[in-house]
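Colleague: I'll drop the sequence and a predicted model, then ask my questions.
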Amino acid sequence: MGVALYLDVHVPGAIAEQLRRRQVDVLTAIADGWQQRSDEDLLQHAFEMRRVLFTQDIRFRALAEEWQRNGRPFAGLLFGHQLRGTIGQYVEDLELVVKASEADEWMNRIEYLPF
């Protein structure tokens, strides 16, 4: 089973749109009706759905790091700083993650984009 993505509300909609055009399994927090939930709720929700969370919100990175230290499981976190990559770079990197890895490889892991 491949990697499925969950995109935080801070991620531009163009990224999700481009990923869908590339046949990537992506769900946004907005489309899921979870845009008003806390970061902790979203990270837990992504874990329950077995979706790796992509965010551009630094608070999520800090939260995932805390969960790592405390041994609390999550499905993986991909963090891309808003000023360090373009939409195209993020789309390419996220597509690579989905097509070249498996969901189990991302458990409790944090990776920074762009690669």
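Modeller: Good, I have the coordinates. Numbering: from 1, shown residues only.
Colleague: residues contacting the residue of the chain positioned farthest from its centre?
Modeller: In the chain, the residue that sits farthest from the middle, by C-alpha atoms, centre = their mean, is residue 70; the gap is 20.2 Å. Listed by C-beta atoms under 8 Å, 6 or more residues apart in numbering, residue 70 has no contact partners. To be clear about C-beta, it is placed using only N, CA and C from the backbone, and glycine gets the same treatment.
Colleague: using PDB, write out every CA atom in the strand or helix carrying residue 89.
Modeller: Using DSSP states H and E, the element containing residue 89 is helix 87-100. Output in PDB follows, covering the C-alpha atoms of helix 87-100 (Å, rounded to 0.1, in the frame of the first residue of the first chain):
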ATOM      1  CA  ILE A  87       4.700  25.100  -5.500                       C
ATOM      2  CA  GLY A  88       6.400  23.100  -8.200                       C
ATOM      3  CA  GLN A  89       9.200  21.900  -6.000                       C
ATOM      4  CA  TYR A  90       6.700  20.800  -3.300                       C
ATOM      5  CA  VAL A  91       4.600  19.000  -5.900                       C
ATOM      6  CA  GLU A  92       7.500  17.100  -7.300                       C
ATOM      7  CA  ASP A  93       8.900  16.100  -3.800                       C
ATOM      8  CA  LEU A  94       5.500  15.000  -2.600                       C
ATOM      9  CA  GLU A  95       4.900  13.000  -5.700                       C
ATOM     10  CA  LEU A  96       8.300  11.300  -5.200                       C
ATOM     11  CA  VAL A  97       7.400  10.400  -1.600                       C
ATOM     12  CA  VAL A  98       4.100   8.900  -2.600                       C
ATOM     13  CA  LYS A  99       5.500   6.900  -5.500                       C
ATOM     14  CA  ALA A 100       8.800   5.800  -4.100                       C
END
